[in-house]
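Engineer: Turn this into a structure:
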Amino acid sequence: MVSVESQMLPLGTKAPEFTLPNTIDDQDLSLDKARGTNATVVFFISNHCPYVIHIRDHFKAVYEGYNSRGVSFIAISANDIDSYPVDAPEHMKELAEEKGWQFPYCYDESQEVAKSYKAACTPDFFLFDGDLKLYYRGQFDASRPKSNKPVTGEDLKKALEVLLDGKEPPKVQIPSIGCNIKWKEGNEPEYFG
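Structural biologist: Residues are numbered from 1 along each chain as shown. Here you go, the predicted model:
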C-alpha cells in the first residue's frame, strides 16, 4: 500500500463533466443530472482501502445531514479491478447496499474521470458550489487508521456549512491522505508519483 496526498486542484476550478455507470442501479449517471442545487460533493473511494474503510460508516450520516439542503454526493471508484477485484462494480454495489448508501457509487473504468479531477488517493474529496466551481478539496477529517482520533467528518462538514452560509472558502484546507488510486499499467497520470 502506497499512501499519497491529494493534489489540491486549484479552488474555483470548474467540475469536469462526466457520465459513468452508477453501480447501485446499473444506470449511466452524468454530473449534470446528479449535481445538487447548492453544492455537489464528488469523492473518490474504493472498497478495499484501509483509509476509506476507517471512515466509510460516516458517509451515510453526512449525506443525510446535507442532502435535504440541496447538496448531492457522488462517490466514484477508479481502481484497476484486474489487480483489485474486490473493487469491481458488483462488489461496489454490494457495499453500497450493505452500508445503506442512498448516493450514487459510480465506476470509472477508463480512469479518465479520476485524471480529470487530479484525484490521487482514496479517499479524495471535492466540494463544488452551486455553479460547480471548486470550493473545498482535501480531507474528510483528521482521523486516520490507528490515529486514535474520532471520525467526525469535521473538515468536510465545516466547508459545507460555510458554503451554504454564502461565505468564502475555508483558508486552511488540508490534503486528504490515503491509498494511491490503483492505476492500470501504463495509465498513471503525470501528476501521480
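Engineer: going forward, measure contacts and count neighbours with C-alpha atoms only.
Structural biologist: Will do.
Engineer: quick one: low-confidence ranges for this protein?
Structural biologist: Applying pLDDT under 70 to the chain flags residues 1-2, 192-193.
Engineer: Strands along that one, start to end?
Structural biologist: 3-5, 19-22, 27-30, 39-44, 71-77, 105-107, 121-122, 124-129, 134-138, 177-180 (DSSP state E).
Engineer: Given the fourth one, what are its sheet partners and their directions?
Structural biologist: For strand 39-44, the paired strands and their directions (DSSP bridges) read strand 71-77 (parallel), strand 124-129 (antiparallel).
Engineer: so which of those strands is the most packed in?
Structural biologist: strand 124-129 (a mean of 27; mean count of other Cα atoms under 10 Å).
Engineer: what about that one, distance to the chain center?
Structural biologist: 7 Å (Cα atoms, centre = their mean, to the nearest Å).
Engineer: Give me the angle between that strand and strand 134-138.
Structural biologist: 160 degrees (axes from the mean of the first three to the mean of the last three Cα atoms, to 10 degrees).
Engineer: Mind listing residues that contact strand 124-129?
Structural biologist: Residues outside strand 124-129 that contact it (Cα atoms under 8 Å, 6 or more residues apart in numbering) are 6, 15, 38-45, 134-140, 160, 163, 176-178.
Engineer: Among the strands of the chain, which comes closest to Lys149?
Structural biologist: strand 177-180 (14.8 Å; Cα to Cα).
Engineer: Quick one: list the elements packing against that closest one.
Structural biologist: strand 3-5, helix 50-55, strand 121-122 (3 or more Cα pairs under 8 Å, 6 or more residues apart in numbering; DSSP states H and E).
Engineer: Which residue ranges of the chain form helices?
Structural biologist: Using DSSP state H, the helices of the chain run over 31-34, 50-55, 59-66, 89-99, 112-116, 154-164.
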